[in-house]
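Trainee: coordinates for the following, if possible.
(chains A, B, C and D)
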Amino acid sequence: MITRRTVLVGGAGMLALGAASRAAFGAESGKKLEIVMCAKQEGISWFDDMRKGVEQFGADFGANAYQIAPETGDPAKQAQMVESLIAKRVDAILVVPNDPQSIKPILEKARKAGIIVISHEAQSLAGVSNYDVEAFKNEDFGALMFDNLAKAMGGEGKYAGIVGALTMETHMQWFKAGLEHAKKTYPKLEFVLSEPLEDNNDEKTALDKVNETLKKYPDLKGFFGCSVSGSSMAALAVEKLRRKDIKVVGLGLPSINGVYLEEGYQAEAQCWRPADAGYAAAYVAYKALKGEPIEAGIDLKRPGYDKVTIENGVVYGSATLVLTKDNYQDYKF
Amino acid sequence: MNDAHTKSSTQGASWRRLLPARLDEEGLSQSVLYAMIASVLALIFLCLGTAFFNPTNLVSVLQQTPEFALLSLAMGLSMVSGGIDLSIIAVANLAGILAARLMTAEPVLAALGPEAAILLACLAALAVGIGAGLLNGIVIVRFGIPPLLTTLGSMMVFAGLGTGLTGGAGITGMPAAYVNVVSANVFGVIPASFCLVLVIFVAVSAFVNNSVFGKSLFLYGENKVAALFGGLRIDSTIIVSYTVCGALASLAGLVMLARFNSMKVGFGDAFQLEAILVAVLAGMDPDGGRGRLLNILPTVLLLQCVENAFTIASLSPFAKKMIWGALLLGFMALNFFFRRIVVRHLTALAVKRQQAPLGTTGIPLGG
Amino acid sequence: MELLRLEGLSKRYIGTQALDAVDLTIEAGQVLCLAGANGSGKSTLMKCVAGGEAPDSGRIIWQGQAFDRLTPAQSMALGIEIIYQDLSIFPDLTVAENIAFHIIQSRHRGWVDWPEVDRIAAAALGELGADLPLHARLGDLPIGARQTAAIACALTQDCRLLVMDEPTTALPSRDVAELLTMVRRLKSKGMAIIFISHKLDELFEIADRFYVLRDGRRIGEYAPTELTTTKLSYLMTGIEFKGEKAPQAFDRNAAPLLVVDGLGRRDQYRDVSFSLRPGEIVGFAGLTGSGRTEIALTLFGLNPADAGKVTLAGRELSPRSPREAIANGIVLVSEDRHSQGLFARKAIMANIASTTFEASRRRFGLLSPASERSIGDAWIAKVRVKTPSGEEPVQSLSGGNQQKVVLAKWLATDPKILILDNPTVGIDVGSKMEIHDIVRQLARQGRGVIMISDDLEELVMSCNRVFMMQAGALVSEFRDDTLTVEQLSNGLRQAS
Amino acid sequence: MKPQGNGKTSEAVETRDTGLLARLFGRGIGNPGGLSLLAFLIVVYVIMVALRSPDFLSLASLFDLIRSGAAWTVVALGVLVVMVSGGIDVSFLANAILSAYVATVITKWTGLDSLAFALVVAMALGACVGAINGLIISLFSLPTLITTLAMQGVIQGVLMVFLDARPITAGRMPVSLRYFGTDVLFEFPDGPGFVGLSVFVVPLVVAVVATWYLLNRTAIGRATYAIGSNRLAALRCGVNLLKVNLVIYAYAGALAGLMGVMMVSDIRLVDPVTLVGNELFVLAAVVIGGAKLSGGAGSVSGVLFGMTLVTLLNNTLVTIGLSASWNRFFIGCALVLIASISHYRAKMRNLRQLNFENI
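Mentor: Here you go, the predicted structure:
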């Protein structure tokens, strides 16, 4: 009996709530194409900017494009989300996987269900997804990072560096290509570690590790960071030690690293604009949905993606942004 | 049920008539749980309609549930004895890693062939889970360390072991045969892994309810000193319960391995605290001795439905987290009041009985 | 001067009406002995005074000021101090802090002055004439020291009324004498003292009045001169003891069921020897802490002996766990049925079946779902548990019926030897008689019974022999003509 | 428990470690045996590291250790206070980031760009959230772990949904907070750079002293030990459970707020999704430091030792050239080892005293 009464009371409350939330969701979007970006994690500025791009695309093309993400970086949660999207029968799923390998089976399932799948930051998913959209070739990005490092260091000296984790595909691609490139081009540069440090994308860890490294190698002249947390915390560590002679380069965002660029604790930062990547990925999905051809040279309507190249199912832009003291203010993300 | 005393006890206040015939906390909180499930589902229906309630989506919910359900069952089981098992995710990861290693190791494949390698890997994973659970149980029983502390430590040990062995890297590329078996559908619709979960839930629940082990476990959770004085097999019961937790966790690891076709330390970390939440919401008493394991399954499904509905409605996952937290707090506060009502009811009842005349009949004592 | 008056205080718990409209008055400078059997409501009454419990009805009037209930803080502010039976000490804190705890909480709010705490503690201990290491963790000290600390703690307060709940049980006789001296001194200072005890012999010399409580009701108030031990016993139990006993007929020549030879355990008891024949009921009297319960726990496998041996039906036995003891046919009905005997929220039938499901285990450790109910129902009928159904939680039963459930759960194992530790504590007279009947029936069936009890009548009525224990040793044996309440109580007085 | 009553008055007081450590670590509280073991582990580890890298034994390393561990230690002290009362709090990191976020926003919004203001706001908010914990726990007598777990979700939800929190980056942080993390008390040149003692040492010392004062010198602190040691006895002694719970959870919350501000200043980024998830690591450090989950035991020095060990393990990996992979493994082993020793001892003691409640 208590059950019945609770249900009654609960039901009344829910009717009110339901009506309210329906109003909040807005009407169903009807026949619009539904393109959903499933990002790595909610509440991170990088993906907040990406959301802008995805939503901009929706506005530009009259598609129902939006972004979701789990509350933690747990790959299992992201997989569940994508699975829900498959069941929702969205038209296209864009995904920036936390762990490309673990999401593979679910993406395959999405493909089987006839959903267009576009991945980003996951070249290994090329062939699984319809297309993998990359802002650039990772090898080029890595080489550029080490070029910038060498330039800042004056072509010689010891350096160290940090990645998100040794198991992170893109970071390691940058690092390996860059190291290879540096060995050939800048013989006087010396990488003092056997492998880069790991920060697990956590600022505190990064700061402590960089600090410890700078203490252990007092004659260090350069530091690269393949993660945003790594490069910004390296710059902060340098600032804390007041060692402007140590040059920091690496992946960076204008909003986070700008301050260090401004004050000279970071020589250069490079990145790609998440909003543009989101936009481009959504555009590729849109084209695929419309049955339009996706081939080298097409214009994805975003700077750096105006003339993409395609190799083995990977769509490459040339959207590398190099941020310096002078230009970082032009970007708001 | 004896109607006489129930009737007499309900004369006092009108609200008492709303209560079930026999007052007990378990029954009350179960009523609330099912009322809650009904309300939430109704709410989801109101908001999303067929966007949620369509066969594809419901099947998808079932597909997403298995590992979470197994982990929650393990957590619930550990709560029966008044304990807790924080190490389940780490065990699931460790077991999955070992299985993945074995399934993908060239020498094993060469020596045994793919099918036997899969079987071996599954058995090895189970062995890891059982071993880890045994270790937890033995440490708890022998050294008298509280389960929370033991499993906090062992969680770090197992996760550390997994990270150390793999360097934090994922292991991928499971044999197709393995992935296909676990992600197959029964009758083309119901996911095989969910059927497995269903079977395990029914089996574990039936076993716990009808076995010496289960009875001992619940009695231990109710009053461990009385269990000791009652000559129950305390040590082995506790060890077995954590061993079963470990085994369930390793099964969850195997399911995850198949679903993601890869395994890595940290997969499913988010489930740890959610599993505690599910177990408590399902009516498992964190102090032990009370609760029905079978209730965990609908509760897991409920949370999965909410999760799924939030994704469909693309609402913030943090709102979901908040609602769960609030639900849990509300649920526990309700149980607090139920306990009071039950105690008051029993006090009144006992006094009434004491005042009744002495019984006069009795059968002579036999051996 | 009237200090405290209680008017119509009532309180009930699940299972018992602990207090039933009790009136009581105490004046300053008076020592009142609150007498009553275990479970008669003495402790509850004092908890209501001390604020530990809220009475359901009635009034507490302190120097003319009436209260419906008191909180612990209120009660302390009025000048009421209570030393609980379970001592209420903080095992993790030091001796000094335990003693000065109230002072710290009331006076040292912002800055705990540790040297002063030491001084206060030392002074309080000095008053008691006790010597304890001030900075030792109290939980590491023996029970006697904890008791001393608890008393010292009460003395630190500006106390007008001191309530002592069974204060002497754990104290050695030397300390009891000192305690009584202390009480006299406090009394001369105008403090009112309520002694709660069911062993009052030692208090005849200092008590101004006896107040007898039975089954939660006031029986009456008496001057010490009006009372004798026998009369007090009658008043407390409501059973007129006629000096008769119902000795069990048993074969005195039968081979002993249990032979205990030179059993000892460090710091607990030593050189204990006795034997038990089939059908015999052997009693153990003595103070709490004299080693009675400790021996019982040894036989039950929870307190391994260091010396001596136990022979059960010709076979040597040293149980290492209750399981082993039970498997050998030894069971223990422990004194504390709430924490050691019952699963309070579980059904009656589950409680009864809890000892036997191992035996009814079938393949794969499974049980037949019906077995619990059939075992439960059978025993509910046999021991006459008053309940509408076996599915009721055991906490809904009255104390006597709960104890019958405990008996039933052990009888279901068909034990050879039944050890009863204060089997009728806190239960009503009717159930008490029924339980005695059951025990006698069991003995007639050829089982051996060991009965530990504080209730001397109970021992005299049921036992064939009674051993008196003192400080861990069997000091005397009472049988046949010496087995009378007078003899036992004399023995007990000598033993304390 | 009647069976405890045995004639053991003559029994000698159980021998206890009354050496220097015991005297250092306060009035028989905590677990001096465990702490000396912990101190031993720390010394051995430091020697090991120093053998590999002699430079490690320097003031610079010490200062780094302090700066790196300061924030965690501050929050661990709050966790300690709750644990002493027999409770457990897992909502403190969610609380920390909520408080820090709100404090940053308010500091920016009001233009009162002062560190003191930000700290006051953060600690006040943290204390309020903590007090809510204490209130709910006391009112409904709920299990603390589950309650604070639920609260963690609620706090994060409030932060992300109602406050719509977004990261506040270095450039947009109030200047006072920006430089809180880099300021030093004093410094001296060291090689090409500088070695400085971070100002974090000030809040650290304040928190240590305040916690020590609260636990050892105030009635509430002693009541906290009393509640953890024997709840029923504490209630009978007139200890106001609601009041004590409110104070200690609010205190833990205030320290969480302080820690939040320290953390965001340290990394110069207010990231609303950071921190949460590290609760168990802090709990582990506190338990390694000798606090008992059941309450009644635990000391400030224990927390310092526990945190030192954990921070050392975390901050010497580069120095000894190990990957972080085995880190958790070592911390877990230390936890189990130290817990085994103290609990096994207690178990045996209880069995001897025929106390079967806590075995």
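Trainee: near chain D, which residues of the stretch 201-350 of chain B?
Mentor: B:225, B:228-229, B:269, B:273, B:276-277, B:280, B:286-287, B:316, B:318-319, B:321-326, B:328-329, B:332-333, B:336 (CB under 8 Å from any CB of the partner chain). Just so you know, the C-beta spots here come from the backbone N, C-alpha and C atoms, and that holds for glycine as well.
Trainee: tell me the buried residues within the residues you listed.
Mentor: B:225, B:228-229, B:269, B:273, B:276-277, B:280, B:286, B:316, B:318-319, B:321-325, B:328-329, B:332 (16 or more other CB atoms under 10 Å in any protein chain shown).
Trainee: out of those, which are close to chain C?
Mentor: Among those, chain C is touched by B:V225, B:L228, B:F229 when using CB under 8 Å from any CB.
Trainee: now the residues you listed as JSON lines including secondary structure?
Mentor: As requested, those are exported to JSON lines (DSSP: H, G, I helix; E, B strand; the rest coil):
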{"residue": "B:V225", "secondary structure": "helix"}
{"residue": "B:L228", "secondary structure": "helix"}
{"residue": "B:F229", "secondary structure": "helix"}
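Trainee: poorly predicted segments of the chain, please.
Mentor: Let's take chain A. Residues of chain A meeting the criterion pLDDT under 70: A:1-30.
Trainee: look at chain B instead
Mentor: Scanning chain B for pLDDT under 70 picks out B:1-23, B:350-367.
Trainee: returning to what we had before: which of the ones next to chain C among the buried ones among the residues of the stretch 201-350 of chain B next to chain D lies closest to chain D?
Mentor: B:V225 (5.0 Å; CB to the nearest CB).
Trainee: what residues are up against the closest one?
Mentor: Neighbouring residues of B:V225 by CB atoms under 8 Å, 6 or more residues apart in numbering or on different chains: C:S339, C:Q340, D:F356, D:E357.
Trainee: quick one: which of these has the most company?
Mentor: With neighbours taken as other CB atoms under 10 Å in any protein chain shown, the top of these is C:Q340, carrying 25 neighbours.
Trainee: ok but D:L242 is inside a strand, no?
Mentor: No - assigned with three-state DSSP, D:L242 falls outside any strand and is helix.
Trainee: and the residue of the stretch 151-300 of chain D closest to chain B?
Mentor: Closest approach of the stretch 151-300 of chain D to chain B (CB to the nearest CB) occurs at D:G157, with a separation of 2.1 Å.
Trainee: residues contacting the residue nearest to that residue when sequence neighbours are not counted?
Mentor: Using CB to CB, 6 or more residues apart in numbering or on different chains and skipping residues adjacent in sequence, the residue nearest D:G157 is B:M322, 2.1 Å away. Going by CB under 8 Å, 6+ apart, B:M322 touches D:G153, D:V154, D:Q156, D:G157, D:V158, D:V161.
Trainee: just checking, B:M322 is part of a helix?
Mentor: Yes - counting by three-state DSSP, B:M322 is located in a helix.
Trainee: then the helix or strand containing C:E457 to CSV, C-alphas only?
Mentor: Taking DSSP states H and E as the definition, C:E457 sits inside helix C:456-462. C-alpha atoms of helix C:456-462 as CSV (Å, rounded to 0.1, in the frame of the first residue of the first chain):
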residue,chain,number,x,y,z
LEU,C,456,21.8,-18.8,44.9
GLU,C,457,18.2,-20.1,45.1
GLU,C,458,18.4,-21.1,41.5
LEU,C,459,21.6,-23.1,42.3
VAL,C,460,20.1,-24.7,45.4
MET,C,461,16.9,-25.6,43.6
SER,C,462,18.5,-27.1,40.5
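Trainee: which parts of that helix are buried?
Mentor: Counting neighbours by 16+ other CB under 10 Å, helix C:456-462 gives C:L456, C:E457, C:E458, C:L459, C:V460, C:M461, C:S462 as buried.
Trainee: the third one contacts C:I427, correct?
Mentor: It stands for C:E458. No - between C:E458 and C:I427 there is no contact under CB atoms under 8 Å: 11.6 Å.
Trainee: tell me how far stretch B:123-143 lies from the chain's centre.
Mentor: How far stretch B:123-143 lies from its chain's middle: 18 Å, per CA atoms, centre = their mean, to the nearest Å.
Trainee: shaky segments in chain D?
Mentor: D:1-34, D:323-325, D:359.
Trainee: show me what from it comes close to chain A.
Mentor: Within chain D, the positions near chain A by CB under 8 Å from any CB are D:53, D:55, D:60-61, D:64, D:68, D:156, D:160, D:165-167, D:169-172, D:181-182, D:191-194, D:263, D:266-269, D:271-274, D:277, D:314-319, D:321, D:323-324.
Trainee: what about the residues you listed, which are in helices?
Mentor: Under the assignment DSSP state H, the residues of chain D next to chain A contribute D:60-61, D:64, D:68, D:156, D:263, D:266-267, D:314-315, D:317-319 to helices.
Trainee: out of those residues, which is most surrounded?
Mentor: When neighbours are taken as other CB under 10 Å, the top entry among those is D:Q156 (28 neighbours).
Trainee: using the three-state scheme, assign the residue lying closest to it once chain neighbours are set aside.
Mentor: Distances taken as CB to CB, 6+ apart place D:A94 nearest to D:Q156, at 5.1 Å, with adjacent residues excluded. Following three-state DSSP, D:A94 is assigned to helix.
Trainee: and what of C:C33?
Mentor: strand.
Trainee: that one and C:V183 touch, don't they?
Mentor: No - using CB under 8 Å, C:C33 is not in contact with C:V183; the gap is 10.8 Å.
Trainee: looking at the two, which is more packed in?
Mentor: C:C33 (23 against 20).
Trainee: would you check how far apart the closest residue to chain D within chain B and D:Q152 are?
Mentor: The nearest approach of chain B to chain D comes at B:M322, 2.1 Å away (CB to the nearest CB). Distance from B:M322 to D:Q152, counting by CB to CB, to the nearest Å: 10 Å.
Trainee: ditto for A:A59
Mentor: 37 Å.
Trainee: and the two? which has more neighbours close in?
Mentor: With neighbours defined as other CB under 10 Å, A:A59 and D:Q152 compare such that D:Q152 has more, 24 against 9.
Trainee: so how far is C:I326 from the nearest residue to C:F250 once chain neighbours are set aside?
Mentor: Distances taken as CB to CB, 6+ apart place C:G279 nearest to C:F250, at 3.2 Å, with adjacent residues excluded. According to CB to CB, C:G279 stands 21 Å off from C:I326.
Trainee: over to B:K224?
Mentor: Applying CB to CB to B:K224 and C:I326 gives a distance of 17 Å.
Trainee: circling back to that earlier point, a markdown table for the contacts of B:M322, including distance to B:V202?
Mentor: Shown next, in a markdown table, are the contacts of B:M322 (distance: CB to CB, whole Å):
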| residue | distance to B:V202 |
| --- | --- |
| D:G153 | 30 |
| D:V154 | 34 |
| D:Q156 | 35 |
| D:G157 | 35 |
| D:V158 | 40 |
| D:V161 | 38 |
